[in-house]
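# Quick one, structure for this:
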Amino acid sequence: MSPAVGNQPAVIGTQAEGTPPRHHIVTAHVENKAGVLARVASLFSRRGFNIFSLAVAPTDDDRFSRITIVVDVESAPLEQIVNQLDKLVNVVRITELAPDEAVECEMLLVTIEAGPDRRDEMLSHVRGFGATVVDESRVAGDTGAGETEGTGLITVMLAGPPSTIDEFENLVRPFGITELQRTGRVALPKLGPGAARGRAAAPLRSITGAVQGEAG
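All right, here's what the predicted structure looks like:
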């Protein structure tokens, strides 16, 4: 399993034009019961499937949670990944979205060094990306002449498409990152006339009500 589950220090590589996307989004609606997430993670580990990111949260129905998994289809055929998820206990529905069929979003929290000489430059980047400063710390520092000057850290929050998050992270990295957390992406099908709703305009699997056997 990739070390980037729920936290993406790496940037997805650019796809060559005309080649199929390496990363696909699989969403699983599961019963909101203890141990379900552990079963999903264990399945990926046992089968050697590579997860690029994973995000889980309750849905509008408190009986179910939605797990959004970005999978590396080079580690295993997508159909094999879905078939194995299909067998897990408590999985209610599985949907797969190609990147061009989805609206994707991710959130970043990052704490950045904000020295007085580059603070204004940093804040201009924050404003330019529509990010928000959510925390700030100023520490007195010695200038070497017996005087002190305010230095410190700022924590910034940014939500947006993964490509925007990648761009902002790469931009602020030279300033000095002390801590960084990315949520992993979430996604919904694009809307509009003729928009595909998952693969073949429908979920790959719809398991309505039946409890499936545990994958071996």
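# In three-state terms, label the closest residue to F49 other than its chain neighbours for me.
Nearest residue to F49 in three dimensions, chain neighbours excluded: A76, at 5.0 Å (CB to CB, 6 or more residues apart in numbering). Any C-beta I mention is one placed from the backbone N, CA and C, and that applies to glycine too. Following DSSP: H, G, I helix; E, B strand; the rest coil, the label given to A76 is coil.
# give the contact list for A76.
A76 makes contact with 47-50 under the criterion CB atoms under 8 Å, 6 or more residues apart in numbering.
# ranges for the strands of this structure?
For the chain, the strands defined by DSSP state E cover 23-31, 51-58, 64-72, 91-97, 102-113, 132-142, 148-160, 177-182, 186-189, 205-206.
# I'd like the distance between the residue nearest to the spatial centre of the chain and R138.
For the chain, the residue sitting closest to the mean C-alpha position, by CA atoms, centre = their mean, is G184 at 1.4 Å. Distance from G184 to R138, counting by CB to CB, to the nearest Å: 32 Å.
# for A102, same thing?
Applying CB to CB, the value for A102 to R138 is 41 Å.
# again, but for A76
Counting by CB to CB, the gap from A76 to R138 is 49 Å.
# go on, E113?
Distance from E113 to R138, by CB to CB: 12 Å.
# Okay, domains of the protein per the record?
23-98+198-206, 105-187 (automatic domain parsing).
# among those, which is the most enclosed?
Ranked by average neighbour count under the criterion mean count of other CB atoms under 10 Å, these are headed by domain 23-98+198-206 at a mean of 17.
# Off-centre distance for it?
Its chain's C-alpha centre and that of domain 23-98+198-206 lie 14 Å apart, by CA atoms, centre = their mean, to the nearest Å.
# Can you check the pLDDT for the closest residue to Q181 other than its chain neighbours?
Excluding the flanking residues, the one nearest Q181 by CB to CB, 6+ apart is L109, at 4.8 Å. Per-residue pLDDT puts L109 at 97.
# oh, and call the first residue 9 from now on, that's how I've got it
Will do, 9 is the new start, and the previous item becomes L117.
# Please report the distance of the closest residue to E112 other than its chain neighbours from E87.
Among residues not flanking E112 along the chain, A195 sits closest, at 4.6 Å (CB to CB, 6+ apart). Distance of A195 to E87, computed by CB to CB: 19 Å.
# do the same with V78
17 Å.
# same thing with P169?
Counting by CB to CB - P169 and E87 are separated by 27 Å.
# likewise V194?
Counting by CB to CB, the gap from V194 to E87 is 23 Å.
# Could you verify my assumption that the residue nearest to the centre of the chain touches I75?
No: between G192 and I75 no contact is recorded; they are 10.4 Å apart, counting by CB atoms under 8 Å.
# hey, what's in contact with both of those two?
What both G192 and I75 touch, as defined by CB under 8 Å, 6+ apart, is the set 62-63.
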